[in-house]
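Enquirer: Give me the fold of what follows.
(one chain, ligands or ions: 1)
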Amino acid sequence: DRGSVQNSPKSYDVEYLMPVSLGTPAQQLNLDLDTGSSDFWVFSTLLKESMINGQTLYDPNASTTADKMEGYSWKITYGDQSYSSGDVYVDTVTIGDLTVSTQAVEAAREVSEEFTADSDNDGLVGLGFGIINTVMPYKQKTFFEKAMPGLDSPVFTADLKSGAPGRYNFGYIDDGAYTGNITYVPVNSSDGFWSWVSPGFQVGTTGSFNSTRIHGIADTGTTLLLLPEGVCEAFYGRIASAKYDASQGGYTFECNDSTTPDFYFGTGNGQMIRIPGSYLAYSKIDTSSLRCFGGMQSDSGVGFTIWGDIALKAAFIVFDQGSERLGWAEK
Ligand SMILES: O[C@H]1CN[C@@H](c2nc(-c3ccc(C(F)(F)F)cc3)no2)C1
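Expert: Numbering: from 1, shown residues only. Okay, the predicted model is just below:
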């Protein structure tokens, strides 16, 4: 079995949403695929009105295939301290022609103000590893873990694009979606994340390769690229107008600064993925400004590197849960 679904970026590629069908008859919601968490949760009719702001709601009572998991609950907090919580139902879920008939669907009773404000986002599909699922008293499997046994191959792939729709595929690798070879690197899933080690980085085409092991996670749900302080300093040190601006909470530079280099990160076997300098001018710090907030920021608040969308949209990535490895390719 296999599946394929288009993902669409919101403005500034802040997050990528995909259509998902839940229940019988099908209820279609737009969900955020997040490889950095492992809960499948949705805005639902259980929410208080004050927490809803245009989102599409999953109504388990309108689904003939929904069964409430009595006595089960969930509560999750994300890196930005946003959170959600609620009850759990089993129901059928289809993503891009791939159906899981008994998916644990976490129906929200409460969401934090950040989720209420994000009116396009109807919930998250966590495709990390199930050991960090928050459902109590017994954690539940992710959509991919439920689908995996029936798939042609135990992999899903992410093809995110800059300012354009991309695609998530389940159960197969589309050899037309990338160029060159796929370089596989081992994953340590013990923390529930797609954790891997990059051998180093290079700033610009002329810079030398800096061999320094960078431990981090591949996280489709994080917008930016969060790297060790020293790497940020090496990159921004090459941009004439760049500075760390405490009032903005990060590095900023003039959006059109022609000294902005590309950024390369090593994956393995000598392969490097090139992030165009243009991706690193993330967004204007305010409409009248000529300065941009950097797409690369320090990971000092996190404790490990997060390869978020700024990096992922420069590559074709294979999340190989069958062999616990990540595959990286240029495109
Ligand atoms: O926790 C880590 C796991 N992956 C990262 C992630 N963060 C979110 C998120 C999405 C939407 C919102 C909100 F709508 F603005 F509230 C907040 C956070 N989704 O994945 C961070």
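Enquirer: residues in contact with the most centrally placed residue in the chain?
Expert: By CA atoms, centre = their mean, the chain has its centre lying nearest to T220, at 1.4 Å. Contacts for T220 (CB atoms under 8 Å, 6 or more residues apart in numbering) come out as 16, 33-36, 127, 158, 160, 308-309, 312. Every C-beta, even on glycine, is put in place using the N, C-alpha and C of the backbone.
Enquirer: and it, which of the three is it?
Expert: For T220, the assignment made with DSSP: H, G, I helix; E, B strand; the rest coil gives coil.
Enquirer: show me what contacts the closest residue to it other than its chain neighbours?
Expert: Of all residues not flanking T220 in the chain, T35 sits nearest, at 4.6 Å (CB to CB, 6 or more residues apart in numbering). By CB under 8 Å, 6+ apart, the contact set of T35 is 126-128, 158, 193-194, 217-221, 319.
Enquirer: possible to save the contacts of T220 as a markdown table with secondary structure and pLDDT?
Expert: As requested, the contacts of T220 are arranged in a markdown table below (DSSP: H, G, I helix; E, B strand; the rest coil; pLDDT from 0 to 100):
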| residue | secondary structure | pLDDT |
| --- | --- | --- |
| Y16 | strand | 96 |
| L33 | strand | 98 |
| D34 | strand | 98 |
| T35 | coil | 98 |
| G36 | coil | 98 |
| L127 | coil | 98 |
| A158 | strand | 98 |
| L160 | coil | 98 |
| G308 | coil | 98 |
| D309 | helix | 98 |
| L312 | helix | 98 |
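Enquirer: Identify the residues contacting the helix or strand of the chain with the lowest mean pLDDT?
Expert: In the chain, the helix or strand scored least confidently by mean pLDDT, DSSP states H and E is strand 281-284, which has a mean of 94. Outside of strand 281-284, the residues within contact range by CB under 8 Å, 6+ apart are 12, 223-224, 253, 255-257, 260, 290-295, 310.
Enquirer: List the backbone torsions phi and psi for K146.
Expert: The phi/psi pair for K146 (degrees, to the nearest 10) reads phi -70, psi -40.
Enquirer: and it, what is it in contact with?
Expert: K146 touches 100, 102-103, counting by CB under 8 Å, 6+ apart.
Enquirer: What helices and strands are in contact with the lengthiest helix in the chain?
Expert: Longest helix of the chain, by residue count under DSSP state H: helix 229-236. Judged by 3 or more CB pairs under 8 Å, 6 or more residues apart in numbering; DSSP states H and E, helix 229-236 is in contact with strand 195-203, strand 209-218, strand 250-254, strand 296-298.
Enquirer: mind listing what the helix or strand just after it pairs with, with the direction of each?
Expert: Next helix or strand after helix 229-236 toward the C-terminus (DSSP states H and E): strand 243-245. Paired neighbours of strand 243-245 in the sheet (DSSP bridges): strand 250-254 (antiparallel).
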